[in-house]
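Asks: here is the input, now give the coordinates:
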Amino acid sequence: PMDGTFSENDISRVVEADRAHIWHHLSQHKAYETTDPRIIVEGKGMRVWDQKGKEHLDAVSGGVWTVNVGYGRESIANAVRDQLIKLNYFAGSAGSIPGSHFAEKLIDKMPGMSRLYYCNSGSEANEKAFKMIRQIAHKRYGGKKHKILYRDRDYHGTTIACLSAGGQEERNAQYGPFTDGFVRVPHCLEYRKFEQDGAPEDNYGVWAADQIEKIILAEGPDTVGGLCLEPVTAGGGVITPPDGYWERVQEICRKYDVLLHIDEVVCGVGRTGEWFGYQHYGIEPDFVTMAKGVASGYAAIACCVTTEAVFDLFRSDAEDPMDHFRDISTFGGCTAGPAAAIVNMEIIEQENLLENCTQMGARMMAHLEAMKIRHPIVGDVRGKGLFLGAELVSDRATKTPLDADTVKTIQKRVYEAGAMVRPAPPNIMMSPPL
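Replies: I've put the predicted structure just below:
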């Protein structure tokens, strides 16, 4: 049950202040003229309570796959409090004790990676990688090898540059013009390969990766500097990579000297049953970005992690004032983030949450597969660990996507029944705490 209690007057004042002043994310506010906005007032374990005291099973980890270790972790809150009293902030031009400790702990989980750049959001972490790739292009290739490839259906953040690398049209609409130098490559969703010209029945994964090579050749390999991909596409439909895909992608990047940037903002820190999603597939990235689950939302933190080879490119000439990475993130200097992240990682280790994620993910997938057998509306189910989704269709034979209004109605009814899932029509997605 909830710990907190609120008088009717107290909570009605909160609701009215929210209605009058808060601009909610991803929300159409017209409805709030006749209904109350939703206020989440408490969380405990895997459950949250709204302002009416209604309990919900949170199968979206805070709405956007963030609260990996669940709610109410006093050990994280205490670590953050203690650190804020000791030193709350100093700019990232200097180091901090929790920053050093977490970096060491994180890099130990990422063989082949060695350097961590702190910032405050997934969008910003991805921007750092984009800027590094662009600066390398200027330092080594006269600025020519500056193009960054991204994949249809992937999402890398909400800034203009990240939307320029965004593969979801509904998120991008009305926010252009976008930044030059970003080039889209096709998705690797085998369930919808019939929509792709020339897609084969067999070895689809290798074929899907080969489409990236075609675009590199069309653009000119001497102009392509980076490839940014999610290990498992998140908001675009929980798209797990087909067999052979990642091995071929790695080959292509090495063949054409293209830096590989893996966006782990959603998959990172346990969501898929490994510390990082890319570790399921034997990938050796040049950049790995992460945010959401790094501290499970107990503090704001994001990281752009690189190899030593990438780092070395920014310290080659101490006499050159343009040689280093000339960038700063104000809130990358906050100490609460790494302090929370250390304990967050310890909880995952001590409670064997990677193993639990794998086991519970298999259990959830079995239930989804059973639903697919029972309900023709379920066209496909996909996932890795506790990162799962169902693609809904109005006709299973033609794979016609279920209309967005019906998908949202399903999500609303699930909510009324006491559980939270995330709609991304025609998909329903789930990512409960580990």
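Asks: could you pull out the strands for the stretch 101-250 of the chain?
Replies: Using DSSP state E, counting those that start in this stretch, the strands of the stretch 101-250 of the chain run over 115-119, 147-151, 182-185, 224-229.
Asks: of those strands, which is nearest R396?
Replies: Of all the strands of the stretch 101-250 of the chain, it is strand 147-151 that lies closest to R396, at 26.3 Å by Cβ to Cβ. Every C-beta, even on glycine, is put in place using the N, C-alpha and C of the backbone.
Asks: hang on, H261 in a strand?
Replies: Yes: assessed by DSSP: H, G, I helix; E, B strand; the rest coil, H261 belongs to a strand.
Asks: show me the contacts for it.
Replies: 126, 129, 133, 148, 226-229, 285-289 (Cβ atoms under 8 Å, 6 or more residues apart in numbering).
Asks: bridging residues for it?
Replies: C228, F287 (DSSP bridges).
Asks: rewinding a little: comparing the strands of the stretch 101-250 of the chain, which comes out most buried?
Replies: Most buried of the strands of the stretch 101-250 of the chain, by mean neighbour count (mean count of other Cβ atoms under 10 Å): strand 224-229, with a mean of 26.
Asks: quick one on the thing from earlier: and the strands of the stretch 101-250 of the chain as TSV, adding mean pLDDT and distance to G332?
Replies: Compiled in TSV, these are given as follows (pLDDT from 0 to 100; distance: least, Cβ to Cβ, whole Å):
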stretch	mean pLDDT	distance to G332
strand 115-119	98	4
strand 147-151	98	22
strand 182-185	98	24
strand 224-229	98	20
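Asks: list the contacts of G225.
Replies: Residues counted as contacts of G225 (Cβ under 8 Å, 6+ apart) are I133, R134, I136, A137, Y141, K145, H146, K147, I148, V258, L259.
Asks: make that M2, sorry
Replies: V41, E42, K44, W49, G53, E55.
Asks: let's have the strands of the stretch 101-250 of the chain in CSV, adding distance to I212.
Replies: Shown next, in CSV, are those (distance: least, Cβ to Cβ, whole Å):
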stretch, distance to I212
strand 115-119, 26
strand 147-151, 7
strand 182-185, 5
strand 224-229, 7
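Asks: closest one to P376 among these?
Replies: Nearest to P376 among the strands of the stretch 101-250 of the chain is strand 147-151; the distance by Cβ to Cβ comes to 29.8 Å.
Asks: mind giving me the packing neighbours of that closest one?
Replies: Strand 147-151 is packed against strand 182-185, helix 204-219, strand 224-229, with contacts defined by 3 or more Cβ pairs under 8 Å, 6 or more residues apart in numbering; DSSP states H and E.
Asks: please report phi then psi for the residue nearest the centre of the chain.
Replies: Centroid-nearest residue in the chain: V266, 2.5 Å away (criterion: Cα atoms, centre = their mean). Phi and psi for V266, reported as degrees, to the nearest 10, are phi -90, psi -50.
Asks: need the pLDDT of it.
Replies: Reading off the confidence values, V266 has pLDDT 97.
Asks: likewise for the one 4 residues further on?
Replies: Per-residue confidence at G270 stands at 97 (pLDDT).
Asks: got the residue ranges for the helices in this structure?
Replies: 8-21, 74-86, 97-107, 122-141, 160-164, 169-172, 204-219, 245-255, 308-312, 336-350, 353-374, 404-416 (DSSP state H).
Asks: would you mind saying which of those lies nearest S296?
Replies: Among those, if distance is taken as Cβ to Cβ, the winner is helix 336-350, at 5.2 Å.
Asks: packing partners of that closest one?
Replies: helix 74-86, helix 97-107.
Asks: can you put those helices in a markdown table and add mean pLDDT, mean neighbour count and distance to K214?
Replies: Formatted as a markdown table, those follow (pLDDT from 0 to 100; neighbours: other Cβ atoms under 10 Å; distance: least, Cβ to Cβ, whole Å):
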| stretch | mean pLDDT | mean neighbour count | distance to K214 |
| --- | --- | --- | --- |
| helix 74-86 | 98 | 15 | 47 |
| helix 97-107 | 98 | 18 | 35 |
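Asks: would a markdown table of the ones you listed with distance to D152 be doable?
Replies: Shown next, in a markdown table, are these (distance: least, Cβ to Cβ, whole Å):
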| stretch | distance to D152 |
| --- | --- |
| helix 74-86 | 37 |
| helix 97-107 | 30 |
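Asks: hmm, back to that, ranking the helices of the chain by mean pLDDT, which is last?
Replies: helix 8-21 (a mean of 88).
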